[in-house]
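S.K.: Give the three-dimensional model of this entry:
(2 chains)
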Protein chains: 2
Amino acid sequence: FAGSWGKLRGVCVTAWEMGRSDPRKIVFSAKMGLALMLISLLIFLKEPVKDLGTHYVWAILTVVVVFEFSIGATLSKGFNRGLGTLSAGGLALSMAELSQLAGEWEEAVIVASIFITGFIITYAKLYPTMKPYEYGFRVFLITYCFIMVSGYRTREFIHTAITRFLLIALGAAVCLVVNICIYPIWAGEDLHSLVAQNFMGIANSLEGCVNRYLKCVEYVKVPSKILTYQASDDPLYSGYREAVQSTSQEDALVGFAIWEPPHGPYKMLKYPWRNYVKVSGALRHCAFTVMALHGCILSEIQAPPEKRRVFRSELERVGNAGAIVLRELGNKLEHMEKLGTVDILCEVHEAAEELQKKVDQKSYLLVHAESWEIGSQSKEFQHPQDFLTLNVYNDENKLNKWKSCNAAVLDQGSLPMSRSWDSGNVNMGINFIPPDAVPEGESKTYENASSLALATFTSLLIEFVARLQNLVDAFEELSEKANFKDPVEQPPTA
Amino acid sequence: FAGSWGKLRGVCVTAWEMGRSDPRKIVFSAKMGLALMLISLLIFLKEPVKDLGTHYVWAILTVVVVFEFSIGATLSKGFNRGLGTLSAGGLALSMAELSQLAGEWEEAVIVASIFITGFIITYAKLYPTMKPYEYGFRVFLITYCFIMVSGYRTREFIHTAITRFLLIALGAAVCLVVNICIYPIWAGEDLHSLVAQNFMGIANSLEGCVNRYLKCVEYVKVPSKILTYQASDDPLYSGYREAVQSTSQEDALVGFAIWEPPHGPYKMLKYPWRNYVKVSGALRHCAFTVMALHGCILSEIQAPPEKRRVFRSELERVGNAGAIVLRELGNKLEHMEKLGTVDILCEVHEAAEELQKKVDQKSYLLVHAESWEIGSQSKEFQHPQDFLTLNVYNDENKLNKWKSCNAAVLDQGSLPMSRSWDSGNVNMGINFIPPDAVPEGESKTYENASSLALATFTSLLIEFVARLQNLVDAFEELSEKANFKDPVEQPPTA
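M.R.: Next up is the predicted model:
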């Protein structure tokens, strides 16, 4: 008893939590109860259809089936139900007339027609582009079979068809009135906020990735949920994963939103809902580089911390500027504001160029010249500047070829080239033998690889910035088509 | 008339194509027609339930609603329908008894109970984990309202409930017999082949990316469908996109597959269907690097062709070996074979190490030393080997700092460093001013960036190889749990 009491309490707490996080769910449930209550009352009062016969079940069925969470879904289902019923009713009535001509064989003709209709309708339903009308096809089949069978039994084909249609219309009317007039829930609004939310998720992921990369935080063990692309609590991961995964949700919402009449801030016939999906797609295209940045953190080959530190301020600046752009775009999308005259990408482009220049100047940090096959040797450095600490490699010349002169210098004081792969995450990936156990040649190969990993990170970050333009273009197209309002206040810098 | 004739022909051709590409759809449609025919015949013959009343509509409804494409979906819907009907029937009967005690207020009690039930059931339905039982909740509501309303009108609560249940059972029985006994279509089989197909798609994408990168084929204009992550015909893109996008399909299929009894090659209670999804997730984790490789082809900053050529054979080897591994895993998964004793990753790891070594030896190709801030100058090369053509940069020393000695040599003859970004794709991304128009300093920055792009490509390719281990692990777990057969023939090299 105590156990079931505890469970009951648990259920109540969960229900309460769900209601608090999204009160619309409570409202919707109450609306559903109300619609069912209304239809039962109408049936009891025999209003407005006097001669219900036993067809009242159709009114109840219609309410339960058509009453959906969003207005768009309700309208689309109602339309499907109406169209399916009407066309099937028409076909059934004419088939009934025809089958009566068959005399003795009437029953056989009816059964055969049911088989043929069942085959054709089911086959058509399976065609991919017919998916939104799936429910209509089902209703068609039910109606057709029902009218054929019940008409044959009662000889009241027309009466059956008409009463049934009236009751379905009654159920649909109750649905629509209750659902639209009382606290309507719009699929379009959901789509709008879902896209805005994706912006925030990716901004958080991006910022998190760059910060984490600079702090050299590594996964002790990469969670297997990430390795198999399942949902996980990891904030870096869930930010972009949700944005990437929301495609099917967006497709469903946009399919409903286009059914919705102009309302609230979406005062416009043919509101460009598909452009929201397009913006979200462009955002996803950016998210894939964030995903690849996260891959650098997950990777086994890790760039040495001291080299990351060299590019710290530039990387940070790009990461922050990128996140700011994403958040600003997300905010503007949420509040339906146009971009304004200031170039939103100005700062992030500058930051990226700075990073690019820094990489250019310091690209010697990204390679190890020791194993180069070519070049000359010259170990005398002229005028070593006092702020530079030179760190000249011993040339082992194992390849017995001319090696290039090589000056790897860190301008943050003398930091030894650490064998950073030691601290790397080795639970996944190629089974590289730990460097202590391998000949010098191999260990250097991985030392080089670890430095190039930094080049990969910066390249990906710059690629992310490059993709922002495409996102801004998609946003501008949306803001034009959807008539977003002009930004209220010009920033003082403009 | 000619127009509609043409349209009709078009529809017929489409229908024929659909049937040819998946004959199961024809079979399924015929089965649906057959089931409807059977249930109509049973109603005409008044078998096996003599006193149908007007409840026969429930049998038809059940057939149309429960008859789904796969056995798993049919069973799960049938279970939902049965459970919903039974529990709602029980509740409705007891509520009917209670409401009769209310005397005059009976009608009010019934209507109020409908409201409360409607509210609670709808609210429970909205809880995320209840999604698979959504249909059951709907059936519950329909049944409850129907029994309450029709019982009040006819005073035959129990008779209504029982007849209705019998007819639903009849409909479900016809469904199950027809669907399972005649050419059953299994969701598990679909899941199995979907996962195998994803392997092939990613293998093709990988191979295509590497080949295309080496051939320096660029997009004249990146298709906007790729930029907004919509479905497109591009073979490189669709290969990985389909694999990444198939999550929701897999989730649906696995939800049905667990309902299916052991059958065909899946002779096992509690067959590990979820492990197929896990393998597919691990594959997706690899696919993300292929996605990033494709990103290198889409990118504005492109590595110069002559430098790509230096790494040609190594990149090709890794790409081919990786694709071979994916195809072999896909084949083994399709034919349910274990991996065997030979290390499937041996060749691809070797190839990756070779690539890594080559990058190590030639990493001077990936950077431009011109803009280095440090180092010494030494332009006299000692003993230039005759097979090396030296290509010494003019040092313009615009930063007025000491530059490093720099010897960029291509071992494929003297190829000038081309300004490869000219041919790059500039319709997306940062609005870099074309190099001809910018000061020398900036154009060099991008020259450097373009060389580092090659480093990014190789790093990503090596990261792809690293992630294969995780995939092989997931595959091995599946092959153990699902009792895959041992490989028939040992390769001769073993």
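
S.K.: can you tell me which residues contact A:Ala112?
M.R.: B:Met37 (CB atoms under 8 Å, 6 or more residues apart in numbering or on different chains). (Glycine included, C-beta is placed from N, CA and C.)

S.K.: let's see 10 Å
M.R.: A:Ser99, A:Ala102, A:Trp105, B:Gly33, B:Met37 (CB atoms under 10 Å, 6 or more residues apart in numbering or on different chains).

S.K.: What sits closest to the second one if chain neighbours are left out?
M.R.: Read it as A:Ala102. Distances taken as CB to CB, 6 or more residues apart in numbering or on different chains place A:Val109 nearest to A:Ala102, at 4.5 Å, with adjacent residues excluded.

S.K.: Quickly note the distance from that neighbour to chain B.
M.R.: Going from A:Val109 to chain B by CB to the nearest CB, to the nearest Å gives 12 Å.

S.K.: again, but for A:Val195
M.R.: A:Val195 sits 12 Å away from chain B, going by CB to the nearest CB.

S.K.: Tell me which helix or strand that residue sits in.
M.R.: In this assignment (DSSP states H and E), A:Val195 forms part of helix A:187-214.

S.K.: following that helix, which helix or strand shows up next?
M.R.: Once the chain leaves helix A:187-214, the next helix or strand it forms, by DSSP H and E, is helix A:224-227.

S.K.: Could I get the average pLDDT for the helix or strand following that next one?
M.R.: Sequence-wise, the next helix or strand downstream of helix A:224-227 (DSSP H and E) is helix A:235-245. Averaging pLDDT along helix A:235-245 gives 89.

S.K.: Taking helix A:187-214 as reference, get the angle to helix A:235-245.
M.R.: Inter-element angle recorded for helix A:235-245 and helix A:187-214: 140 degrees (by axes from the mean of the first three to the mean of the last three CA atoms, to 10 degrees).

S.K.: Show me what the helix holding A:Val195 is packed against.
M.R.: Using 3 or more CB pairs under 10 Å, 6 or more residues apart in numbering or on different chains; DSSP states H and E, the elements in contact with helix A:187-214 are helix A:71-101, helix A:235-245, helix A:247-257, helix A:273-298, helix A:305-310, helix A:312-334, helix A:440-481.

S.K.: Out of those helices, which one sits most buried?
M.R.: Of those, the one with the most neighbours on average (mean count of other CB atoms under 10 Å in any protein chain shown) is helix A:273-298, at a mean of 24.

S.K.: Is it in proximity to chain B?
M.R.: Yes - against chain B, helix A:273-298 shows contacts by CB under 10 Å from any CB of the partner chain at A:275, A:277-289, A:291-296, A:298.

S.K.: pretty sure A:Gln356 is touching A:Thr458, no?
M.R.: Yes - between A:Gln356 and A:Thr458 there is a contact at 8.0 Å, judged by CB atoms under 10 Å.

S.K.: Name the residues contacting each of those two.
M.R.: A:Glu314, A:Val318, B:Ala449, B:Leu452.

S.K.: Find the residue closest to the last one in space, skipping its chain neighbours.
M.R.: Leaving out its chain neighbours, the residue that sits closest to B:Leu452 by CB to CB, 6+ apart is A:Ala455, at 5.0 Å.

S.K.: ditto for the third one
M.R.: Ranked by CB to CB, 6+ apart and with sequence neighbours excluded, the top spatial neighbour of B:Ala449 is B:Ile301, at 5.0 Å.

S.K.: what about that neighbour, how many neighbours?
M.R.: 26 (other CB atoms under 10 Å in any protein chain shown).

S.K.: Now do it against B:Val63, distance only.
M.R.: 61 Å (CB to CB, to the nearest Å).

S.K.: Ok, A:Pro184 next?
M.R.: For A:Pro184 relative to B:Val63 (CB to CB), the value is 35 Å.

S.K.: ok, now A:Thr163?
M.R.: Separation of A:Thr163 from B:Val63 (CB to CB): 23 Å.

S.K.: Mind checking which of these two has more residues around it?
M.R.: Shown here are A:Thr163 and B:Val63; by other CB under 10 Å, B:Val63 has more neighbours (27 against 19).

S.K.: Which strand or helix spans that one?
M.R.: helix B:56-66.

S.K.: Give me the angle between that helix and helix B:71-101.
M.R.: For helix B:56-66 against helix B:71-101, the angle by the same axes, to 10 degrees is 140 degrees.
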